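In: Quick check, what structure comes out for this input:
(chains A and B)
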Amino acid sequence: MTDPFPFSAIVGQEEMKQAMVLTAIDPSIGGVLVLGDRGTGKSTAVRALAALLPQIEVVVGCPVNSAHPKDCPDWAEIKTTDQIRRATPVIDLPLGVTEDRVVGALDIERALTQGQKAFEPGLLARANRGYLYIDEVNLLEDHIVDLLLDVAQSGVNIVEREGLSIRHPAKFVLVGSGNPEEGELRPQLLDRFGLSVEVISPRDIATRVEVMRRRDSYERTPGAFMPPWQAQDAELRDQIIAARSALGSITTPDAILEDCAALCIALGSDGLRGELTLLRAARAVAAFEGTDQLSRTHLRAIAPSALRHRLRRDPLDDAGSSARVARILNEVLP
Amino acid sequence: MEPARQPSRAWSRAELALRLLAIDPAGLKGIWLRARVSPARDRLVATATACLPQGLRRAHPSLSDEALYGGTDLAATLSSGRRVSTTGLLGDDTPLLLVMAERCPMGLAARLGQWLDRTGPALIALDEGADDDELPPLALTERLGLFIDLEGIGQANMTATPMDTGQLSQARTRLSQIKTPHSVLEDLARTAEKLGINSARAPLMALAAARAAAALDGAESVSAAHLNLAAMLVFAHRATQTPDEDTADQQPQEPQDLPPPFPEPDSDEQSETKPDETPDAPPQDQPSETPPLDDMMVAAALSCLPADLLARLAVGRAARQVQGTNGTGAAQKGNRRGRPIPSRPGTPGSGVRIDPVATLRVAAPWQKLRRGGGHLAADRLQIRRDDIRLRQFKQTSDRLLIFAVDASGSAALARLAEAKGAVELLLAQAYARRDHVALVAFRGTGAELMLPPTRSLVQTKRRLAGLPGGGGTPLAAGLQLAAELALQTRRRGMTPTLALLTDGRANIALDGQPNRIKAMEEARQMARVLATSGTPALVIDTANRPQPDLRALADAMGAPYLPLPRADARRLSAALRVALAP
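Out: Take a look at the predicted model:
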């Protein structure tokens, strides 16, 4: 398998790239929703992200990528205590996937040939400690969405079916992409995404030509194309690792907390998840920039992504929520 | 008729497209081949199998995951007592031929799309769609580079041009040395922009097509002729707009000024086998007053579009179905998803799932008996084919709410605004129930599908707000269109419900002529058609005074009748709830 297209080599789409980097710094921000036209590099960015993420330590053979042997679930019957470093998992959740594949199910083969009751883990197990990517998330079937909502919230996958009673950790960053014209997302699912970004096709010729040029040389001469960009990716990865360790030492002035609350009240967003995500994301921005104190600049940088999808929306209101966020942002944080 | 649309041209272009795919399958990813069963299609598929290096394997739209990715061969596993696995279609690098691609479900399209994005060598989608809105999922067609439409190509148009596999493999080796002038990228990007193509995939695929054409030609670098060919094969069907007015004006005569729309790389062979069709101009010889290259490419792309294709494609795109979602419509039994119901005996195969617990339960009482005379080890479970139980689920299909709105002069004057308000009220309910919505408007001499089935309420509201009023009341035409839509969507597994908003004064007959008596009679006829088709309906009378005629119509339709003058929001939604009750 060839290397994915390098993350740094994606032309433009700064907001999307920023959001993805922030979730890599602080997974508790809670995922990214990318909405936009086809062929704007949504899938490319997600696949590239996998190469960018720092490696994680996992127990050999553990189906849920546990870091320590004691975390391995009993049903997996892991005997070894060996650990290896491997890439952070980025798992694709295809449309039309069955419930069995998502949550896991009875291992039919073992049940029928050996009469044993064994659990065959699903995609949620594999995505633990990593990313779960859903392309065309707005077309995902409702009963799969229901499963995801619960697991994304609790971080635990509970399987009660076919005589099995099993639970395993399923903490993952949810990344979804889709084209809003084809269908809408349920508000409950929208709320599970920490950040949401809107991507549009670049309109100027120069950018589009640059996109073509990079993609073309990626395909035709990967030997010459990859190394410089991979070096940039490595630099970005180091920045992410540095930001992760800096995250804990960032101080948050009370004024900033008040700003967060004021912003969310002015926008009328439901619940408190808006404030919390805004704060976490802003902290990640600060950590990425290498500053040690949170300021309004950071809030302003991330507020549209963090709040755009949380507005209480009249389903029949067709005014863009990006515009509303921008207007209120200017009013509240002059 | 313009040269590019002639059947013999279309045929040689189709063959050329196959060659390009055979030369660069990785770059072009595949062909979207729109054709009903015909000798031309058979010939093309046979040629494709011959000229693609790894051959071609057939795939059908109801492929299960096991067939795609490989899985356990259950029958063999049971009889041998150890795991026997199968390799899936996507396991090896053989290009696929997807038959009946218009029936391809979203889930499969997404999987095939991911496969194509990563390693997939190529896919040819045979689209046999009969109607304009019957199209393969966009997630798939977007990733296929080339488009061919074989409509109208008969036996006589097919020239026998043998595929020279040697020539193809030579071209394949040449491919990496083809030079691409710097301006080419810019031209492609500009052309894509003029045609309203936003995807970044399209120009890249056009570049690959142009390069493959150059390699086939034996040329050293990509030339204008290659780019024109690429524009026809890659851009034409993706176009969402015609370029600005000034270019559109020149458009009719421009195709004649072009150098031949594509080089005839095999022109020698062609003139041997069919001497009456000679290449019509010296290739590569451009006229002195050359228009900018991107304009030429736009013209080339437009030249192979049928006149109404743009409109048709635009409709097709909007009509893209949100398939495979759960809804509130009628319940259907299935074995894929939904609420579980008791399992049934049967043979495992594609698309069905085994219920292991039920299977074991059936097999359990026989174990002792079977072990006695069995040839297998005594400590192993003995399961026979007859024991196998399959899982069954009950699911509810999607519901579609079709609004047929009277926008005639009589309604517009009186209460179109109120009717719109009523529709918005119903829309809010539809949103809560996750229903799909479609909008049919009738005014003047006919009816129009304003909004194909969608879940996007913002879009619905926008269309509704922009709904103009005026003209006669072709009630029958409106009902006919609504009935057709209901039938179509029912075929796709949705459950349609009709909400008719009118003041009931039908005065335009189906033929578009003003004739009050005939119009009313035809409206009643259509109402009976709707009633026999079993489409639940609701008739909302928007006239100032309740119309007896409309009440009769509602009775013929078997639908509740609700005069709006006395209908407030609460009553309207209550009536809707009753009408929509499953």
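In: My guess is residue A:138 contacts residue A:190. True?
Out: No: Residue A:138 is beyond contact range of residue A:190, at 9.8 Å (criterion: CB atoms under 8 Å). All C-beta atoms are positioned from the backbone trio N, CA, C, and that covers glycine.
In: Which of those two has more residues huddled nearby?
Out: Just comparing residue A:138 and residue A:190: by other CB atoms under 10 Å in any protein chain shown the higher neighbour count belongs to residue A:138, 25 against 19.
In: State whether residue A:166 is indeed within a strand.
Out: Yes: using DSSP: H, G, I helix; E, B strand; the rest coil, the secondary structure at residue A:166 is a strand.
In: count of neighbours near it?
Out: By other CB under 10 Å, 19 other residues sit near residue A:166.
In: That one and chain B: what is the separation?
Out: Separation of residue A:166 from chain B (CB to the nearest CB, to the nearest Å): 15 Å.
In: can you pull up the bridge partners for that residue?
Out: residue A:159 (DSSP bridges).
In: Residue A:119 too?
Out: residue A:106.
In: do you know how far it is from residue A:14?
Out: 43 Å (CB to CB, to the nearest Å).
In: likewise residue B:545?
Out: For residue B:545 relative to residue A:14 (CB to CB), the value is 61 Å.
In: repeat for residue A:327
Out: Per CB to CB, residue A:327 is found 21 Å from residue A:14.
In: Between these two, which has more neighbouring residues?
Out: A count of neighbours by other CB under 10 Å puts residue A:327 above the other of residue A:327 and residue A:14, at 12 against 9.
In: Flag every buried residue along the helix or strand hosting the more buried one.
Out: Per DSSP states H and E: residue A:327 is located in helix A:321-332. Neighbour counts over helix A:321-332 (16 or more other CB atoms under 10 Å in any protein chain shown) mark A:321-322, A:324-325, A:328-329, A:332 as buried.
In: for these, which one is nearest chain B?
Out: Nearest to chain B among the buried residues of helix A:321-332: residue A:321, at 11.1 Å, using CB to the nearest CB.
In: The closest one touches residue A:327, doesn't it?
Out: No: at 10.6 Å, residue A:321 does not count as touching residue A:327 under the criterion of CB under 8 Å.
In: domains for chain A, by residue range?
Out: With domains defined by automatic domain parsing, chain A comprises A:7-199, A:248-332.
In: Dump those domains to TSV, plus distance to residue A:213 and mean pLDDT.
Out: Compiled in TSV, the domains of chain A are given as follows (distance: least, CB to CB, whole Å; pLDDT from 0 to 100):
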stretch	distance to residue A:213	mean pLDDT
domain A:7-199	9	82
domain A:248-332	28	81
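In: any idea which of those is most buried?
Out: domain A:7-199 (a mean of 20; mean count of other CB atoms under 10 Å in any protein chain shown).
In: Could you measure from residue B:232 over to residue B:297?
Out: 9 Å.
In: go on, residue A:233?
Out: From residue A:233 to residue B:297 the distance is 35 Å (CB to CB).
In: any idea which element the residue in the stretch 101-250 of chain B that chain A sits nearest to lies in?
Out: Per CB to the nearest CB, residue B:107 is where the stretch 101-250 of chain B lies closest to chain A, at 1.6 Å. Taking DSSP H and E as the definition, residue B:107 sits inside helix B:106-118.
In: Confirm residue B:135 sits in a helix?
Out: No: Residue B:135 is assigned coil when assessed by three-state DSSP, not a helix.
In: neighbours around it, how many?
Out: 24.
In: same question, the one 4 residues further on
Out: Neighbouring residues of residue B:139 were enumerated by other CB under 10 Å; the total is 25.
In: Quick check: next helix or strand after the helix or strand encompassing it?
Out: Assigned by DSSP H and E, residue B:139 belongs to helix B:138-141. The C-terminal neighbour of helix B:138-141 among helices and strands, as given by DSSP H and E, is strand B:146-149.
In: Is that following strand positioned near chain A?
Out: No: using CB under 8 Å from any CB of the partner chain, we find that strand B:146-149 stays clear of chain A, coming within 15.6 Å at best.
In: what ranges do the strands span in chain A?
Out: For chain A, applying DSSP state E gives strands covering A:32-36, A:56-59, A:83-86, A:90-92, A:105-106, A:119-120, A:130-135, A:156-161, A:164-169, A:172-178, A:195-199.
In: Residue B:532: helix or strand, and which one exactly?
Out: Assigned by DSSP H and E, residue B:532 falls in helix B:516-533.
In: what helices or strands is that helix leaning on?
Out: Other helices and strands packing on helix B:516-533, by 3 or more CB pairs under 8 Å, 6 or more residues apart in numbering or on different chains; DSSP states H and E, are helix B:475-491, helix B:548-557.
In: Of all those helices, which one comes closest to residue B:166?
Out: Of all the helices and strands packed on helix B:516-533, helix B:475-491 sits nearest to residue B:166, with 47.4 Å by CB to CB.
In: Give me the distance between the helix or strand just after that closest one and the centre of its chain.
Out: Remark: after helix B:475-491, the chain's next helix or strand is strand B:495-502, criterion DSSP H and E. Centre-to-centre, strand B:495-502 and its host chain are 25 Å apart (CA atoms, centre = their mean, to the nearest Å).
In: give me every residue that touches residue 157.
Out: As the question left the chain open, I've gone with chain A. A:103-104, A:124-125, A:151, A:167-170 (CB atoms under 8 Å, 6 or more residues apart in numbering or on different chains).
In: Let me rephrase: I mean chain B.
Out: Taking CB under 8 Å, 6+ apart as the criterion, residue B:157 is in contact with B:7-8, B:10-11, B:40.
In: try residue A:209
Out: With the criterion set at CB under 8 Å, 6+ apart, residue A:209 makes contact with B:185-186, B:189.
In: Look up the closest residue to residue A:309, ignoring the ones flanking it.
Out: residue A:196 (4.0 Å; CB to CB, 6 or more residues apart in numbering or on different chains).
In: didn't the one you found look like it was pressed against residue A:185?
Out: No: under the criterion of CB under 8 Å, residue A:196 makes no contact with residue A:185, lying 9.5 Å away.
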